[in-house]
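> have a look at this fold, sequence not included:
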């Protein structure tokens, strides 16, 4: 009797569904417990209000859905494709009167069926409970379910693609995890290398390859937020029990991103099917089962180990260095890492330790590429190190000390400072090497000239440019200066402090309310206090005073007046004698609450100075006497004040007027 080849095999599909029922049952249990546990825990924060717990869960559900889909997809792929990794089982599968297409798709859809079914069952029951109980969020629950199904379609499709590339069930999850995070990890490692050889380079900024690391990209772009009927974002953490707005609605972010990745998952399934149809099934048990993927595996291992092992060796053996010395040390370490990765990949693919004969050409080419890569950036062939954006191309600058600047004049001053720091690179690097005790096998770092008397200061300078084309450029430096340089116009330290203490700079650092008009302030309830140090018999002592709402509002307005004049809110990068003589050792703190709802709005903090005339006039009217570190004397490392300072004796009284002056 002639055998018949089937184009679709229902028996395989049904068998795979029932065969791994413990896995599907565990998935249902874990997903249900995750929802119940999260809702219960979050409800406890609001007096056991279940609606509050459900809404909080829904706000976090997409992120948890990415993790759940990631784990469930690879476990399902390991189960349904397990037959491909045993010579016995794969021979049996090949002997069946079923086409390879039918065989692959039967296993694929069996896994997809349960991944979808579990989510539909669990979230369907969740939505029914939400509807019956009158919570009014059943639609949002179904929205979370729909987003999770898109996550699953991508991750399971990609896991299927990974499954046909290898002949080992142990290697499959490793390949799946590595390929999902390779782009982000590689970019982070490359930036770490560049941070050592490119002056000012940071590991932050744009993630150009972030979209190639799907779990991170999905968690970053897919989420939810709450809005009211006016379209304003509502943060429900600010609301207590039963105080949620009646017009609250859940809005999903990133459905388009999830759909794009789901479409990519379908593409991966098609690619997996095409590879499966040509796959040599006798390669079951091999690390790499597809011949065309072997060079890719070899060089991914080579350059991956060059980055990972190379950076580890550099950190352990050489420590820290800079300039050409650092570039040479990093290149040596990366070549050693490349050697390990290159020949380890050959051993894994050939299942033998005898791989060194006739295999050196690829490694030598890899070593040359590493040297060229390091050399290009060390000698700044592409101008990366010298790159400073034109002020006209910058929309906003995020500067040191949380200072943000948008005015064109300030942006021009920032770019001028940036160029000056780059010009002084050699000086700063030499001082930095000495201060941090950098060591090197190739050179010793002499004591810098400016450090001879030990009287110098250091300060981190951060530039984060938000460009008009939507991109970001970030650089970070550490500059050194003496107190004399700090006072000298034109020096980096002087320019830096002038930028930070511009009017725009001061107001950007202080958490003031937009507009600062009387109408806005009238909507706020203010809680404020003043805390300051006073002289004692042996050591200084702290005194505090709480202001009522009227006093707090008046003091706040006085502080804003001084900020306009630049006498409060100033940043000091040199904490020398001038600082100790000018800034009072006192802290004024404000907390603002919206009168209508009682919700916390924001906080504000200020330190008065001798020049802050408006603030000091009001504090004097309250009977508050402040002191600078210089006046407080020895406790702060300064010589006793030249002018007599009253000394308060006895216990700290509750009232300012109760002080006894000796």
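Now that the structure is in, tell me what you want to look at. Everything quoted here is computed from the prediction, not taken from an experiment.
> can you show me the strands along the protein?
223-227, 233-234, 249-253, 394-399, 403-405, 457-467, 472-481, 524-534, 541-547, 586-594, 600-606 (DSSP state E).
> among the ones you listed, which is nearest residue 64?
Of all those, it is strand 223-227 that lies closest to residue 64, at 10.9 Å by C-beta to C-beta. (C-beta placed from N, C-alpha, C; glycine too.)
> okay, now the sheet partners of that closest one, with direction.
Note on strand 223-227: by DSSP bridges, its sheet partners are strand 233-234 (antiparallel), strand 249-253 (antiparallel).
> pick the most buried one from these.
Most buried of those by mean neighbour count (mean count of other C-beta atoms under 10 Å) is strand 249-253; its value is a mean of 16.
> now it: average pLDDT?
Strand 249-253 shows a mean pLDDT of 84.
> one step back: between the strands paired with strand 223-227, which gets nearest to residue 72?
Distance to residue 72, taken as C-beta to C-beta, is lowest for strand 249-253 among the strands paired with strand 223-227, at 21.1 Å.
> gap between that closest one and the chain center?
Relative to the centre of its chain, strand 249-253 is centred 23 Å away, using C-alpha atoms, centre = their mean, to the nearest Å.
> tell me, how many neighbours does residue 317 end up with?
Counted by other C-beta atoms under 10 Å, the residues lying close to residue 317 total 12.
> gap between the spatially closest residue to residue 585 that is not a sequence neighbour and residue 539?
Spatially, and ignoring its direct neighbours in sequence, residue 585 is nearest to residue 533 (4.4 Å; C-beta to C-beta, 6 or more residues apart in numbering). Between residue 533 and residue 539 the computed distance is 10 Å (C-beta to C-beta, to the nearest Å).
> what do you get for residue 197?
Residue 197 sits 49 Å away from residue 539, going by C-beta to C-beta.
> more crowded one of those two?
Neighbour count, other C-beta under 10 Å: between residue 197 and residue 539, residue 197 has more, with 26 against 10.
> contact partners for residue 343?
Residue 343 sits next to 355-356, 359, 363 when contact means C-beta atoms under 8 Å, 6 or more residues apart in numbering.
> including distance to residue 473, could those go into a markdown table?
Converted to a markdown table, the contacts of residue 343 look like this (distance: C-beta to C-beta, whole Å):
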| residue | distance to residue 473 |
| --- | --- |
| 355 | 44 |
| 356 | 45 |
| 359 | 42 |
| 363 | 36 |
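> most neighbours of all the residues you listed, which one?
The most crowded member of the contacts of residue 343, judged by other C-beta under 10 Å, is residue 363 (19 neighbours).
> so what's the residue lying closest to that one once chain neighbours are set aside up against?
Spatial nearest neighbour of residue 363, chain neighbours left out: residue 342 (4.6 Å); criterion: C-beta to C-beta, 6+ apart. In this structure, residue 342 makes contact with 298, 301-302, 305, 359, 362-363, 366, judged by C-beta under 8 Å, 6+ apart.
> now do the contacts for residue 401.
Residue 401 neighbours (C-beta under 8 Å, 6+ apart): 500, 509, 571.
> show me the contacts for the first one.
Applying C-beta under 8 Å, 6+ apart, we find residue 500 in contact with 399-401, 403, 506, 509, 571, 573.
> for residue 627, grab the count of nearby residues.
Neighbour count of residue 627, defined by other C-beta under 10 Å: 20.
> just residue 33 next, same as before
For residue 33, the neighbour count with other C-beta under 10 Å is 10.
> wait, isn't residue 483 in contact with residue 579?
No - assessed by C-beta atoms under 8 Å, residue 483 is found out of contact with residue 579, at 10.2 Å.
> may I have the phi/psi pair for residue 136?
Torsion angles at residue 136 (phi, psi; degrees, to the nearest 10) stand at phi 80, psi 20.
> contacts only, for the nearest residue to it once chain neighbours are set aside.
Of all residues not flanking residue 136 in the chain, residue 130 sits nearest, at 7.7 Å (C-beta to C-beta, 6+ apart). By C-beta under 8 Å, 6+ apart, the residues touching residue 130 are 54, 136-138, 141.
> which one of those residues sits in the busiest neighbourhood?
Among the contacts of residue 130, residue 141 has the most neighbours (other C-beta under 10 Å), with 26 neighbours.
> now the two most distant members of the contacts of residue 342.
With C-beta to C-beta as the measure, no two of these lie farther apart than 305 and 359, at 15.5 Å.
> on that earlier part again, tell me the one of the contacts of residue 342 nearest residue 556?
Looking at those and their distance to residue 556, the nearest is residue 305, at 58.6 Å (C-beta to C-beta).
> who are the neighbours in contact with that closest one?
Residue 305 makes contacts with 337-338, 340-342, 344, as judged by C-beta under 8 Å, 6+ apart.
> and these, which are buried?
With burial judged by 16 or more other C-beta atoms under 10 Å, the buried subset of those is 337-338, 340-342.
> how close does residue 573 get to residue 502?
If you measure residue 573 against residue 502 using C-beta to C-beta, the figure is 14 Å.
> try residue 330
39 Å.
> buried set for stretch 108-117?
Those would be 108-112, 114-116, for stretch 108-117 by 16+ other C-beta under 10 Å.
> more neighbours: which of residue 573 and residue 502?
residue 573 (21 against 17).
> I'd assumed residue 494 was in contact with the more buried one.
No - in this structure, residue 573 is not within contact of residue 494 by C-beta under 8 Å, at 9.6 Å.
> hey, what's in contact with both of these two?
Joint contacts of residue 573 and residue 494 (C-beta under 8 Å, 6+ apart) are residue 486.
> in the chain, which helix or strand is least confident?
Least confident helix or strand, the chain: helix 518-521 with a mean of 61, by mean pLDDT, DSSP states H and E.
> quick one: pLDDT of the nearest residue to residue 65 once chain neighbours are set aside?
In this structure, residue 65 finds its nearest non-sequential neighbour in residue 148, 4.2 Å apart by C-beta to C-beta, 6+ apart. The model reports residue 148 with a pLDDT of 95.
> and residue 148, what is it in contact with?
With contact set as C-beta under 8 Å, 6+ apart, residue 148 has these partners: 61, 65, 68-69, 119, 123.
> of those residues, which is the most crowded?
residue 61 leads these on contacts (other C-beta under 10 Å) with 27 neighbours.
> hmm, it is touching residue 224, no?
Yes - with contacts counted by C-beta under 8 Å, residue 61 reaches residue 224, the gap being 7.1 Å.
> any shared contact partners between those two?
residue 144.
> hmm, back to that, measure the residue nearest to residue 65 to residue 110 for me?
When distance is defined by C-beta to C-beta, residue 148 is 19 Å away from residue 110.
> do residue 303 as well
Relative to residue 110, residue 303 is positioned 38 Å away (C-beta to C-beta).
> could I get the pLDDT score of residue 74?
On the pLDDT scale, residue 74 is placed at 95.
> same check, this time on residue 176
95.
> how about it, what does it touch?
For residue 176, the contact set (C-beta under 8 Å, 6+ apart) comprises 74, 77, 158-159, 162.
> make it 6 Å
Residues near residue 176 by C-beta atoms under 6 Å, 6 or more residues apart in numbering: 74, 159, 162.
> one more: residue 157?
Residues near residue 157 by C-beta under 6 Å, 6+ apart: 265, 268-269.
> cool, residue 479 as well?
By C-beta under 6 Å, 6+ apart, the contact set of residue 479 is 428, 459, 461, 492.
> now the closest residue to it other than its chain neighbours: how far from residue 380?
Distances taken as C-beta to C-beta, 6+ apart put residue 492 closest to residue 479, at 5.2 Å, once the chain neighbours are dropped. Separation of residue 492 from residue 380 (C-beta to C-beta): 20 Å.
> ok, these two, which is more surrounded?
Comparing residue 492 with residue 380 by other C-beta under 10 Å, the one with more neighbours is residue 492, at 23 against 14.
> nearest to residue 583 among the contacts of residue 176?
The closest of those to residue 583 turns out to be residue 74 (C-beta to C-beta; 57.7 Å).
> hmm, residue 161 and residue 175 touching each other?
No - counting by C-beta atoms under 6 Å, residue 175 does not reach residue 161; the two are 9.6 Å apart.
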